[in-house]
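Student: Quick one: sequence and predicted model below, then my questions.
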Amino acid sequence: MSHSEDFTQKLKSVYRLAYFQRIIRGILRLLWLGLLGYTSGLILEFTLNNDLKPSIKWVLASLLGCIGFYRVVFPVVSLKQFLWRLDRLLGKKEQLSTAFEYMNANQNPIAVALIKDVAAMIPEIHRTLRRKGWKIGAEIDYLMISFAILALVLLITMPTLTLSADYGVDIPSLKPEKEENEVFQNGIFGLTQASNLASRQTQPLQRGSTGEASSSDLAGVQGEQMTQAMQELGEQLKDNPLTQPLGEALEQGNLEMAAQMLDSFSTQINNLPPFIKDQLSQTFEQAAQTVEEAGMETLAEQMKNTAQEIREGNQETAGESIKQLSQELNRMAQTMKQSQGDLGGQTQTQSGTGGGSGSEEAKAQMGSPTQFERLAGVGETLTFNAGNEGVAEILQPGQATPSLQGPTVSGSYNLASPLQPSRFVGEILPYPLNWTWLNEIKLYFFPQ
């Protein structure tokens with residue numbers, strides 16, 4: 001290797017060290033410029049009421065980050081220009097650039113002496129650059145400031161995770177009903193006799209010779225599974241503060257209240273920030289898996305569609321999808337009410353044992369409930385109107401002449417549940433209670 005080539009390699013080693021330091025500075029600059037771009041996108045979304053697409057944040061971050069990326073990948077300084085700048089920074093009075101320019105002038109004794117002097121300086125120049133050439137203090141400061149600005153903007157734009165307070169969604173508060181012993185501290189006259197008689201009359205139908213389950217057993221299992229599925233769905237939705245009221249309503253089995261919440265929420269979905277919509281989309285997707293495992297495919301499919309519309313940000317169809325989900329809950333509420341009514345009629349029977357011998361049953365006259373007049377204030381007395389003078393105890397079920405035989409029917413029963421209906425055989429006889437006391441009490445405390 002000639003003397004000039006060796007001298008050139010030494011100068012290039014200085015250049016490579018300075019270039020590496022420049023890459024480190026460029027990476028730090030890329031980071032804090034990208035953070036500032038992302039923060040600018042958040043500010044624009046908050047200012048324009050979320051009318052921008054969610055990707056605008058990343059577009060701005062990429063545009064500003066390209067400035068730092070350009071300085072990392074594309075150096076625009078040649079070796080000669082670098083040596084000239086290094087002369088100025090180190091105060092070498094252009095010795096480095098001049099030696100590089102005349103390094104091939106072997107016949108010039110002044111140039112040869114200058115090259116030797118510069119070659120002797122290179123180790124000291126290396127040490128100086130390693131100590132003072134990084135200059136990353138300012139870049140680190142800018143990076144910390146960018147993080148602080150981003151955190152401040154997130155605190156300002158992030159809601160307090162209560163839909164009704166921040167977005168005006170009218171979600172009624174759920175209050176548990178009073179316990180029986182709180183409303184009637186002295187008990188209810190005749191209730192004990194009615195409960196005892198009801199417990200005797202609602203025993204499960206005996207299984208026949210074919211080994212098939214009775215309709216009351218089937219309806220009970222189906223109702224329990226549907227109720228359990230709604231409770232699991234409510235527990236899952238309750239974990240997210242955004243859907244906590246909805247989850248509490250489902251957990252308590254109040255599907256109509258949950259449907260009202262969704263219907264009110266459908267008009268407010270377009271006003272939510274994108275990251276809130278992402279959380280709601282994930283919550284509905286997880287809830288769809290829960291109800292799908294329970295066998296309610298229609299509700300699961302509707303929840304999946306709702307999650308997809310919210311995630312894709314379709315403002316026109318997201319609210320409509322939530323309304324359809326509300327309608328599906330209303331339909332399920334009506335189905336459960338109807339099935340509970342049918343189940344009540346089923347449990348008012350007793351089956352015979354396979355040879356056609358009937359069990360002893362009691363019949364009572366069926367009356368229609370009437371709404372009580374509300375009390376004027378605290379301390380007033382609630383009076384039950386018996387309807388005729390011959391009935392002194394309105395809650396005392398009447399006894400009728402036992403019937404030893406009754407009609408036998410066969411058929412199928414479908415409770416809108418994943419379980420397949422089974423056939424049942426048994427006697428269908430009237431239930432020996434003229435009305436349900438709880439419905440009458442609710443008419444007084446919660447008039448329609």
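Tutor: Structure's in. What do you need? Computed from a predicted model, the values in this text were never measured in an experiment.

Student: pLDDT below threshold where in the stretch 1-150 of the chain?
Tutor: 1-4, 49-54, 71-76, 104-107 (pLDDT under 70).

Student: any idea where the helices of it begin and end?
Tutor: 3-47, 56-73, 79-90, 95-101, 109-132, 137-157 (DSSP state H, counting those that start in this stretch).

Student: Any chance of CSV for these, columns distance to Glu301 and mean neighbour count?
Tutor: In short, each C-beta sits where N, CA and C put it, glycine included. Putting the helices of the stretch 1-150 of the chain into CSV (distance: least, Cβ to Cβ, whole Å; neighbours: other Cβ atoms under 10 Å) gives the following:
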stretch, distance to Glu301, mean neighbour count
helix 3-47, 32, 17
helix 56-73, 32, 16
helix 79-90, 66, 16
helix 95-101, 74, 20
helix 109-132, 65, 14
helix 137-157, 34, 13
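
Student: Of all these, which one comes closest to Ile276?
Tutor: Proximity of the helices of the stretch 1-150 of the chain to Ile276 was assessed by Cβ to Cβ; the nearest stretch is helix 137-157, lying at 10.4 Å.

Student: which helices and strands sit right next to the closest one?
Tutor: Helix 137-157 sits against helix 3-47, with contacts defined as 3 or more Cβ pairs under 8 Å, 6 or more residues apart in numbering; DSSP states H and E.

Student: could you check the angle helix 137-157 makes with the helix it packs on?
Tutor: With axes from the mean of the first three to the mean of the last three Cα atoms, to 10 degrees as the criterion, the two stretches helix 3-47 and helix 137-157 enclose an angle of 20 degrees.

Student: Name the spans of the stretch 201-350 of the chain whose pLDDT lies under the cut-off.
Tutor: Counting by pLDDT under 70, the stretch 201-350 of the chain has low-confidence residues at 201-227, 229, 236, 240, 242, 270, 314-316, 339-350.

Student: and the nearest residue to Ser266 once chain neighbours are set aside, how many neighbours does it have?
Tutor: By the measure of Cβ to Cβ, 6 or more residues apart in numbering, the closest residue to Ser266 outside its immediate chain neighbours is Ile322, 3.9 Å from it. Residues within reach of Ile322, counting by other Cβ atoms under 10 Å, total 25.

Student: and stretch 155-166, what's its mean pLDDT?
Tutor: Stretch 155-166 shows a mean pLDDT of 55 in the predicted model.

Student: so what are the domain limits for this protein?
Tutor: Following automatic domain parsing, the chain resolves into domains at 3-158, 189-379+391-445.

Student: Now for Arg331: which residues touch it?
Tutor: The neighbours of Arg331, taking Cβ atoms under 8 Å, 6 or more residues apart in numbering as the test, come to nothing; the list is empty.

Student: try it again with 10 Å
Tutor: Contacts for Arg331 (Cβ atoms under 10 Å, 6 or more residues apart in numbering) come out as Leu255, Ala259, Thr298, Leu299, Ala416.

Student: Type out the PyMOL command that picks the buried ones from those.
Tutor: In PyMOL, a selection of the buried entries from the contacts of Arg331 looks like this (16 or more other Cβ atoms under 10 Å):
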select buried, resi 255+259+299
